[in-house]
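Enquirer: Any chance you can model this:
(chains A and B)
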Amino acid sequence: MSSDAPAATIDHHFDPTTSTGIPNKKILMWAFLASDCMFFGCLISTHLIYRLHPPPGTLAPRQVFSIELTSFSTFILLMSSLMMALAVNAIQKGNLKSMRWSLLTTIFFGCIFLGCQVYEFRNFVFEKHLTITNSILGSTFFTLTGTHGLHVLVGVIWLTGMLLYSFTGRLTERQAIDVESMGLYWHFVDIVWIVIFTAVYLLEYI
Amino acid sequence: MSASATPAPAQGHELEQSMFWIFVQIAMLLAVITGLELVTVYLPFMKWILVSVLVVLSTVKFMFVIFYFMHLRWDRAFCTIVFFIGLVLAAGTMWALLKLFGADASRPLPVTLAHPPAIAPGIA
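Expert: You can find the predicted model right below:
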C-alpha cells in the first residue's frame, strides 16, 4: 500500500514491502512467462522451418486444417481471457461472488477450447491419417499445439483449484495477487495462441 | 508506464470502476481483429502484403492483451522490461533460425545413398 493511500484501499500495483515495489509473486510469474516465450518461440520456429521445405508427397496443411474450428477456438480463448481479467478485477475490489462466476466461466471456456483441440486431434489422426510419427508436419504440429494444450490444461486445473480455494474463506482482497498471478499465466496462454493461430494456421491459407 | 504505476487514490478508484468496460471493449476489439484476420487470408493481394497485414494485426492483439488484460499498462515498468527480455530473445531466435533455414543453401538435399548399406546375409 502506498503511503498516501487510505488505510482501506489496497494499491494492487505497488507493494512497499519489496525493494522493487512489485509483489515477488508477480515478478516470479513475469520471469517464468519470459522464459516460456523462448520455449514457445523455439517450437514455433521449428514448425515454420520445416514448413519452408516440406518433403515431397506429404499432406498439405490446407487439406488437413479446419479454419472454422480453429477460429471458433480462438474466439473462445479470447473470451476466456476477458472473463479472467474480470475475475482479477472483481477480487481486487473484494467482490468474491463476482470473481467466482468469472472464474467458473473461464474454466468453462477453457474446457471448450480443450474439447475443440481433442476433436481436432482425433480428426487429424483417424480421418486425415496425420500422426506425430508419420510426417514432419505431424511431428511439429502436434508437438507445438499439444504443448500449448497442455498449458491450457494446467491453467484449467489451477483455475479450478483457485475456485475451490475461494470457498474456504481464506481468499480475500489481500490475496488478490494469487488470482492475478494465475491470470497472468492464463493470458499468456492466450497470447501464445494468438501467435500460433497466425503462424501455423492462417499463413497456410495465403 | 512508470508514471502511471502509482496513481493517486481517487484516480485509482475511478480506474477500478471503469476497468470493467475497458476490458469488455478490448475483448470486442480483439474479436473484430480476429474476424479481420480471417477475411484477410482470402483477399486477392500479393503474399507479402497479406503476411504483413497478418503480422501487424496479430501484434496489435498481442499488445492489447499484455498491456490491458495483463495490466502492464498500470504496473511498474520493470514488469514490462522482464517480459520483453524474454520476448526479444524469443523473437530474435525465431528471426535468426528462419533466416538461416530459409536460405537456398539450407534446402535439404535429395536423398541419394552413395554407398547403400550392405544387407547382412539371412536378413533379405
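Enquirer: Going by C-alpha atoms from here, please, whenever you check contacts or count neighbours.
Expert: Will do.
Enquirer: Which positions in the top helix by length along chain B come out as buried?
Expert: Taking DSSP state H as the criterion, chain B has its longest helix at helix B:9-40. If you call a residue buried by 16 or more other C-alpha atoms under 10 Å in any protein chain shown, then helix B:9-40 has these buried ones: B:9, B:12, B:19, B:23-24, B:26-27, B:30-31, B:33-34, B:37-38, B:40.
Enquirer: do stretch A:167-181 as well
Expert: Across stretch A:167-181, burial judged by 16+ other C-alpha under 10 Å covers A:171, A:173, A:176, A:177, A:178, A:179, A:180, A:181.
Enquirer: Please report how far the fourth one lies from residue A:203.
Expert: With distances defined as C-alpha to C-alpha, to the nearest Å, the gap from residue A:177 to residue A:203 amounts to 38 Å.
Enquirer: can you narrow the buried residues of helix B:9-40 to ones near chain A?
Expert: The residues of those that also fall near chain A, by C-alpha under 8 Å from any C-alpha of the partner chain, are B:9, B:19, B:23, B:24, B:27, B:30, B:31, B:34, B:37, B:38.
Enquirer: now those in a markdown table, with pLDDT and distance to residue A:130?
Expert: A markdown table is the format used below for those (pLDDT from 0 to 100; distance: C-alpha to C-alpha, whole Å):
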| residue | pLDDT | distance to residue A:130 |
| --- | --- | --- |
| B:9 | 52 | 57 |
| B:19 | 86 | 45 |
| B:23 | 94 | 39 |
| B:24 | 94 | 39 |
| B:27 | 96 | 34 |
| B:30 | 97 | 32 |
| B:31 | 96 | 30 |
| B:34 | 96 | 27 |
| B:37 | 96 | 26 |
| B:38 | 95 | 24 |
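Enquirer: tell me the secondary structure for the nearest residue to residue A:125 once chain neighbours are set aside?
Expert: Nearest residue to residue A:125, sequence neighbours excluded (C-alpha to C-alpha, 6 or more residues apart in numbering or on different chains): residue A:131, at 5.4 Å. Here residue A:131 takes the coil state, with states given by DSSP: H, G, I helix; E, B strand; the rest coil.
Enquirer: mind checking how far the worst-scoring helix or strand of chain B on mean pLDDT is from the chain centre?
Expert: Ranked by mean pLDDT, DSSP states H and E, the weakest helix or strand in chain B is helix B:9-40, scoring a mean of 84. In terms of C-alpha atoms, centre = their mean, to the nearest Å, the centre of helix B:9-40 is set 19 Å apart from its chain centre.
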